[in-house]
Each structure stands twice: as C-alpha cells, then as structure tokens.
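Peer 1: Next come a sequence and a model predicted from it.
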Amino acid sequence: MLSSELTTVQKLKISCLGRGIRISDDIKFRLSAGGKTPLSIHEYATTGGITLKFGDEIYVNAPFDEWYCNNPDAELTVGSNDELQICFHGEYFSAKILPLPGFLGSRDSKGNPVIETVMSHADRIRLSPIYGCSFGCQFCDFVGKKYLRRPLEQVLEGYEIARQDQALPARHTLISGGTPSQRDYDYIDTVYEKIIKNSPLPVDIMLAPRKDNIIDKLVDWGANGFSINLEVYDEEISSRVTPQKHRIGLELFAKFIEHAVKRIGTNGKVRSLILVGLEPEEKTLQGVEFLARLGCDPVLSPFRPAPGTPLAGLQPPEPGLLEHVYLRSREIVERYGVKLGPRCIPCQHNTLTLPDGSSAYYFSSDSNQL
Ligand code: SF4
C-alpha cells in the first residue's frame, strides 16, 4: 500500500486536512481566554482552522467548527503536564498552536480596519489590494463579494502595520488575490512595484496569466517568486468551477509559467496550486504532471467547502484519497526534478505538502521558532 510510506504524524496532518479536529468546549473556552479571543478568523476557506505545529516541522491548519468536522480522527487534548496534545488513533502527539496576528482589531490612521488589506498566517503576510475578484471560482470566498480596489495608501499603511506585528512576526510576503480586472492593471502594478522595491521582506506575487510583460517587470523590480494557480485541470470541470481560468486556457498558463520559470528559476520560485477533491484523481495527477513538466512546483490544496459559496455543501476529500494523491504526486514531481510546494515549511500549513528532510524545504530566517 502506498499510504504505508507515511509516518503516523504525517497521516495525522492529512487527517486534519480532510476531516478536521475535535476541540471540546472546555478546551475552546481555555484557548480563547473564556471566549474573549477568537480561535480562528474565517476569512478564507483554507485558513479557517487553527494552525498547529507537530514536532519541529509539520504544520497544519485544522478546521474544527465546520459541518464536515463532525467525525474527526484527531482530538486536541491537554496532557497531565498541562501541555496541548493531539490524540490520533490512540497515540498522543505534543502540539503547539500558532497565534493569530496582533493587528486583528487595529485600525489605520484613516480608521480602516487593518484586516481589510492584510492578514498573516504562520510566517507570511498576505496582502490583498483587491477585495472581491474579477474572477468567480465557485469554491472561493470572494465569489459574490463586491469588487473593491483598496486605496494605495491604505494598502501600504496596512502592510507596514502587519510588518511590525510582534504577535506573529512575518518573514515574507505574498501579494495575493482577488484578481484585478484589466482596467486595474496600472493600479496593481503600482502596488507591486512599491511593495517589492521598499519591503525588507521577500515578496511573492500571486497572479493569473496576463498577456503583457508583467513577469519581466516583476522580476526586474525584485520579486522573490510567483504563484500562478491553475486550480483545476479537467477542461469540463474547469469550465464550470473556474470559468475565467478556463477561458485563459492551458496554453497561456503553460506559456506564462514557462516564462516565469525561465526568468526566476526552477527551485520553487514558481508555484501553481491545484485543488484536490474537485475532479477525478487521475485528472489531478495529470495536472500535477502538466505543471511539473513546466519546471514549477505544483501545490496540492485539499478542497474545503466554504460557507456561502456555490460549493458549500460539497464533501471535502477523504484522508485516504489525499494520501494517495500526495504519494503519487510526489513520484511525478521527482521525475521532473521539482518538488511539491510550497518550499517554506510553515506555509505548508494548508497544503498537502510534507518536509522530506532535504534542504529543498526550508524555514525563512528564524521562523522555525514559531
Ligand atoms: S481567482 Fe483567486 S481570488 Fe479570484 S475567485 Fe478565483 S480563487 Fe478566488
């Protein structure tokens, strides 16, 4: 059996991704300081759980209060020494909970909530200059939200506040979605340039393929890497679930990714996320191969149904499927000399990625202290 290649703690991570974790009311009360501080901020489906660290290197964002978490194999408990533990199939593993950032209730100088433009997870700041999205991927929390372009000053100030945060110190940055409409390319490019050129932290950009020379500009400004997310490989499913990405087409995705790899390298600097659980396993694996062949790191992202989205009622993938897809994908990427991304170990918390002891996977600076 392929899955026997995994250790119990690796299986624990995968189980948390697929089925979530149980947290008793007593422990919730204790961890939330009697209900005063939230355990999680539900601002995006794949980051809506609590972020746990098992041992030195395994991070997982574990959902705990979603409808599909009603029969988890993992439970958060407190050991006799008062330390947090996870019970999984009768075995106990010590665990640490990563804090939420310290700026959740903060406002900028104009009174805007800081979280309108920034959020931090593990050691990374996610900057969102656009609220809503010009695309409409059916699994995404941004579907149906009013499209808003945040003022440049708000984005820059929010970023500075997040960068100074001591509760969850950041080691790198991702400028993320929503995807801007074409009429906002000048705006988003100004944000990219200002942040990349002025930030002391490495800055990655998440973007959909464009027909202009944006990759060249971003590389010249000093971008650290790219997330060019395919999401779904199967043509028919993609036409329904990610219609705008489907219209971009695999040919343009390939050209754009290839050019990014050519400009910035193959060592994990270019990643592309593919969801697990929205298409047949074989299609996901074909997608992994399509991406790996281009020299980019595929990132396996287990589908999580987000409330209020068209796919809210769809069951997430079972741990057994996740294990199988993970192991088969690992074989594929090995053949092409790339890795399953992301390479940053704390950023693996919501992805089907496991460190393998090689130097390809890393901690940014001292973020292993998290
Ligand atoms: S492009 Fe990204 S942000 Fe926009 S709807 Fe799709 S997944 Fe959501």
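Peer 2: That came through fine.

Peer 1: Please list the residues of the stretch 151-300 of the chain that sit near the ligand.
Peer 2: 177-179 (CB under 6 Å from any ligand atom). For the C-beta atoms, the positions are set from N, CA and C on the backbone; glycine is no exception.

Peer 1: Save those as TSV, and put in pLDDT, neighbour count and secondary structure too.
Peer 2: Shown next, in TSV, are those (pLDDT from 0 to 100; neighbours: other CB atoms under 10 Å; DSSP: H, G, I helix; E, B strand; the rest coil):
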residue	pLDDT	neighbour count	secondary structure
Gly177	83	24	coil
Gly178	93	20	coil
Thr179	97	24	coil
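
Peer 1: Going by distance to the ligand, which of these wins?
Peer 2: Gly177 (3.2 Å; CB to the nearest ligand atom).

Peer 1: List the contacts of that closest one.
Peer 2: 128, 130, 133, 135, 142, 206 (CB atoms under 8 Å, 6 or more residues apart in numbering).

Peer 1: Would you map the helices across the chain?
Peer 2: Ranges of helices in the chain, per DSSP state H, are 8-19, 25-31, 152-163, 185-198, 214-221, 235-241, 243-264, 281-293, 319-336.

Peer 1: just those: most buried one?
Peer 2: Of the helices of the chain, the one with the most neighbours on average (mean count of other CB atoms under 10 Å) is helix 8-19, at a mean of 23.

Peer 1: packing partners for that helix?
Peer 2: strand 50-54, strand 58-62, strand 74-78, strand 84-88, strand 91-97, helix 319-336 (3 or more CB pairs under 8 Å, 6 or more residues apart in numbering; DSSP states H and E).

Peer 1: can I get those in JSON lines with distance to Gln348 and mean pLDDT?
Peer 2: Converted to JSON lines, those look like this (distance: least, CB to CB, whole Å; pLDDT from 0 to 100):
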{"stretch": "strand 50-54", "distance to Gln348": "11", "mean pLDDT": "93"}
{"stretch": "strand 58-62", "distance to Gln348": "6", "mean pLDDT": "96"}
{"stretch": "strand 74-78", "distance to Gln348": "17", "mean pLDDT": "94"}
{"stretch": "strand 84-88", "distance to Gln348": "17", "mean pLDDT": "94"}
{"stretch": "strand 91-97", "distance to Gln348": "15", "mean pLDDT": "94"}
{"stretch": "helix 319-336", "distance to Gln348": "12", "mean pLDDT": "97"}
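
Peer 1: Quick one: closest of these to Asp216.
Peer 2: Within the helices and strands packed on helix 8-19, the stretch nearest Asp216 is helix 319-336; the backing value is 24.6 Å (CB to CB).

Peer 1: looking at the helices of the chain, which one has the lowest mean pLDDT?
Peer 2: When those are compared by mean pLDDT, helix 25-31 comes last with a mean of 89.

Peer 1: what does that one contact?
Peer 2: 23, 35, 39, 76-78, 97.

Peer 1: Serialize the residues you listed to TSV and add fields for distance to Ile248.
Peer 2: Listed next are the contacts of helix 25-31 as TSV, based on distance: CB to CB, whole Å:
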residue	distance to Ile248
Ile23	40
Gly35	45
Leu39	37
Leu76	41
Thr77	46
Val78	49
Ile97	39
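
Peer 1: could I get the residues you listed as a markdown table with distance to the ligand and neighbour count?
Peer 2: Converted to a markdown table, the contacts of helix 25-31 look like this (distance: CB to the nearest ligand atom, whole Å; neighbours: other CB atoms under 10 Å):
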| residue | distance to the ligand | neighbour count |
| --- | --- | --- |
| Ile23 | 28 | 22 |
| Gly35 | 31 | 9 |
| Leu39 | 24 | 16 |
| Leu76 | 29 | 22 |
| Thr77 | 35 | 16 |
| Val78 | 37 | 14 |
| Ile97 | 27 | 14 |
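
Peer 1: Next, give me the two most distant ones among these.
Peer 2: Largest pairwise distance in the contacts of helix 25-31, by CB to CB, is 19.9 Å, between Gly35 and Thr77.

Peer 1: if we can go back for a sec, possible to save the residues of the stretch 151-300 of the chain next to the ligand as JSON lines with distance to Leu285?
Peer 2: JSON lines is the format used below for these (distance: CB to CB, whole Å):
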{"residue": "Gly177", "distance to Leu285": "25"}
{"residue": "Gly178", "distance to Leu285": "29"}
{"residue": "Thr179", "distance to Leu285": "26"}
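
Peer 1: Out of those residues, which is nearest to Leu322?
Peer 2: Closest to Leu322, out of all of these and judged by CB to CB, is Gly177, at 24.1 Å.

Peer 1: Give me the phi and psi for the closest one.
Peer 2: Dihedral pair for Gly177: phi -80, psi 180, per degrees, to the nearest 10.

Peer 1: Likewise for the one 4 residues further on?
Peer 2: Backbone torsions of Ser181, given as degrees, to the nearest 10, read phi -70, psi 160.

Peer 1: Thanks a lot, catch you later.
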